[in-house]
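Q: Mind looking at a prediction? Sequence and model below.
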Amino acid sequence: MVSPRLMRKSHSEEAMTMTAQTKRLFQAIYKTQSEGEKENDDTPKIKVSEVISKMSFYYEKIRNSVDYKEEYLLRKNAIERILKRQIVIEGAVLDVNSEKISKFLLTELIRAGYLPNNKIPEEKIPDIAAKIEKYIKLRNYSLARMNPGASLMNGRVNKANQEMKERGELTHWFIAIAASEIEESLGRDKVKQAVVASMYESLNKNIKLPDDSPFKKDLEIQIYLSIYRSYLKFDQGMLSFILFKYFNSNWDKSSDEAIAKIAQNIIALRVAVDKQLNHPLKKQLDKIVNRYTVFFTTFAEVIKKDPSGVYDSIKNDPKAFPRAIRHACNEKYKTIKHKLWRAATNSIIYIFLTKLFFALLKIKIPALQQFSVEVSPIFLAVDIGFPSFLLFLVALFTKIPAEENSKKIISGIKEIAFLENARHEPIILREPAKRGKLMTAIFNFIYIITFFISFGSVVWILDKINLTLGNIIVFLLFLALVSFLGIRIRRGVRDFIIVESKDNILSFLVDFFYTPIITVGKWLTEKFSQINIFVFILDFIIEAPFKIIVEITEEWTKYAKERKDDIV
């Protein structure tokens, strides 16, 4: 690959002048692709049986089909799940050994297909073990400060309950940020990291606050968090890890004394992290950063295809660059349509299985039969299949971006890439509106009215077709779930749309009366994610013995191979 001539001075009169950050982005992408062409070294690697790994791989596929988490979080969530099982569940009866947990963790990730086989160096085991050990110590130091047993013996029941709750929350939090750190250490996309740096430089320069704003000291970290939230799609645990490092800059080299000191102030630290995660500037920044995420994502995709060729086309044929962007947009539209249907498929499977589970409960549990009536197999099939069919229709009628959207993206990329198109006026963030108590009370009252109108109308219709109370409740539950899941599966399409939709009276009325249903769906989704019966069965009843079977089978395979080698 020929290096792009990034420092060339001469250029055609029509050519645009690239910004310094654009040149650095070209250099980072070119360097990453060049390094990718190098041969692997001879460092010993972690290797598992390809045949046995298929068992774990297909198990993970089945598990993920009934858990509607986003695809980009699957590996991090798998790490968190394994740590929870090893440290919390099995650690309650066995000694916690960070080295063994690290080896088991990496092996499981390889078996499940989250890491490549025979590519991860064995030296990664002690590296991950050291990270796990730090969090185990932090957890132990922190929990030692809470003694619900002593509080209970002294008759302080409320304090004992509060301490038990805090112990559980802290343990979950530590595992979430530990999983995030391990995920980071397993390798992040270097191109994406270069894009993050370029986005931060651009946005930090262009986004400003009023001179009298009380949030000036938080602006930089809030921009940084918004980029990771919008561009890399980090969840709360991963963002918490960023803030954890922000408040503890020497965490990577922390001694036991330093870890103990952090544990002394762990409650205050969590409060500070939560304050930043729920900052008043969050919504405004996310709206701006979402738009720039589309610009930088598309620009990086164009560069990655041919860094040298794209660089030269900018210098020598300015018309070729917009054509390349338009082509990248069209390719992206195809990709997001594919992801839309994949997300829809996962949600449809989850809704179908959940609905089937509820139907079986009504049939098999006598106490619940009083809420139902005798129904025909056809009605039962419609009852089970309707929510899934509704999600199918949502995906089918989701509008994919078009040419007007591509024009906006081309204009945005020119703004971030060329000096001639650079923004001259900063983006001034508004102070978050402070609504008075009276106005808030009035709006809350109106919202409650729309809530009753929305659900009351559905109940009235269902009552007219003679559905029982139990069936009406279940129908409303699934209507709310499907409504919220419909919003979620369309998120990938919506995030790539730059052209603002035009409001009309119909869309206003739909939003006004449909929002309460979506809100209930969001609440139910969050609760169901904690009590997802299928995930519970897989994680706590099937997974542990299944992993033991896989481990024993692989060890037997190694033993059989050794015996065969001895004979030969």
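A: Happy to help now that I have it.
Q: Can you name the residues that contact Ala179?
A: Neighbour list for Ala179: 76-77, 79-80, 83, 237 [criterion: C-beta atoms under 8 Å, 6 or more residues apart in numbering]. Every C-beta, even on glycine, is put in place using the N, C-alpha and C of the backbone.
Q: I'd like the distance from the strand or helix carrying Gln33 to the chain centre, please.
A: Element membership of Gln33 [criterion: DSSP states H and E] is helix 20-36. Helix 20-36 sits 26 Å away from the centroid of its parent chain (C-alpha atoms, centre = their mean, to the nearest Å).
Q: Equivalent analysis for stretch 469-479, please.
A: Distance, centroid of stretch 469-479 to centroid of chain: 30 Å (C-alpha atoms, centre = their mean).
Q: do stretch 478-489 as well
A: Per C-alpha atoms, centre = their mean, the centroid offset for stretch 478-489 relative to its chain is 18 Å.
Q: Same question for that stretch: list its buried residues.
A: When neighbours are counted by 16 or more other C-beta atoms under 10 Å, the buried residues of stretch 478-489 are found to be 478-486, 488-489.
Q: Closest one to Asp312 out of these, please.
A: Ranked by distance to Asp312 (C-beta to C-beta), the buried residues of stretch 478-489 are led by Ile489 at 40.2 Å.
Q: quick one: that closest one from Ser347, how far?
A: Noted for Ile489: a distance of 6 Å to Ser347, by C-beta to C-beta, to the nearest Å.
Q: Please apply the same query to Lys119.
A: Lys119 is 33 Å from Ser347, by C-beta to C-beta.
Q: neighbour-wise, which of those two wins?
A: It is Ser347, of Lys119 and Ser347, that has more neighbours when counted by other C-beta atoms under 10 Å, with 24 against 11.
Q: Ignoring the adjacent residues along the chain, who's closest to that one?
A: The spatially closest residue to Ser347, leaving aside those adjacent along the chain, is Leu485, at 4.6 Å (C-beta to C-beta, 6 or more residues apart in numbering).
Q: related to what we said a few turns ago, what sits in contact with each of Ile489 and Ser347?
A: In contact with both Ile489 and Ser347: Leu391, using C-beta under 8 Å, 6+ apart.
Q: Quickly find the element holding Thr450.
A: With DSSP H and E as criterion, Thr450 is part of helix 437-464.
Q: Give me the angle between the helix or strand following that helix and helix 437-464.
A: Downstream of helix 437-464, the next assigned helix or strand under DSSP H and E is helix 469-489. Angle of helix 469-489 versus helix 437-464, following axes from the mean of the first three to the mean of the last three C-alpha atoms, to 10 degrees, is 120 degrees.
Q: Mind checking what helix or strand follows the host helix or strand of Trp173 in sequence?
A: Using DSSP H and E, Trp173 maps to helix 157-185. The helix or strand immediately downstream of helix 157-185 is helix 190-206, counting by DSSP H and E.
Q: mind listing the strands for this structure?
A: 207-208, 427-428 (DSSP state E).
Q: Could you check how far Leu429 is from Ile336?
A: In terms of C-beta to C-beta, Leu429 sits 29 Å off from Ile336.
Q: repeat for Leu438
A: Distance from Leu438 to Ile336, by C-beta to C-beta: 44 Å.
Q: The two: which has the busier surroundings?
A: Neighbours per residue, other C-beta under 10 Å: of Leu438 and Ile336, the larger number sits with Ile336, 21 against 8.
Q: all helices for the stretch 51-200 of the chain, in order.
A: According to DSSP state H, counting those that start in this stretch, the stretch 51-200 of the chain carries its helices in the segments 74-83, 98-111, 124-144, 148-153, 157-185, 190-206.
Q: Switch the strands of the chain over to CSV; also include distance to Leu105, mean pLDDT and mean neighbour count.
A: Formatted as CSV, those follow (distance: least, C-beta to C-beta, whole Å; pLDDT from 0 to 100; neighbours: other C-beta atoms under 10 Å):
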stretch, distance to Leu105, mean pLDDT, mean neighbour count
strand 207-208, 39, 92, 18
strand 427-428, 43, 90, 12
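Q: could you point out where the stretch 401-550 of the chain is predicted with low confidence?
A: 501-504, 506-514, 524-550 (pLDDT under 70).
Q: Mind doing that once more with 90?
A: Applying pLDDT under 90 to the stretch 401-550 of the chain flags the ranges 401-404, 417-426, 428-550.
Q: now swap in the stretch 151-300 of the chain and tell me
A: In the stretch 151-300 of the chain (pLDDT under 90), the answer is 151-169, 187-192, 194, 210-214, 249, 252-254.
Q: Try it again at 80.
A: 151-163, 188 (pLDDT under 80).
Q: residues in contact with Ser411?
A: Asn421.
Q: so how far is Thr19 from it?
A: With C-beta to C-beta as the criterion, Ser411 and Thr19 are 16 Å apart.
Q: Same question for Gly237.
A: On the measure of C-beta to C-beta, Gly237 and Thr19 end up 34 Å apart.
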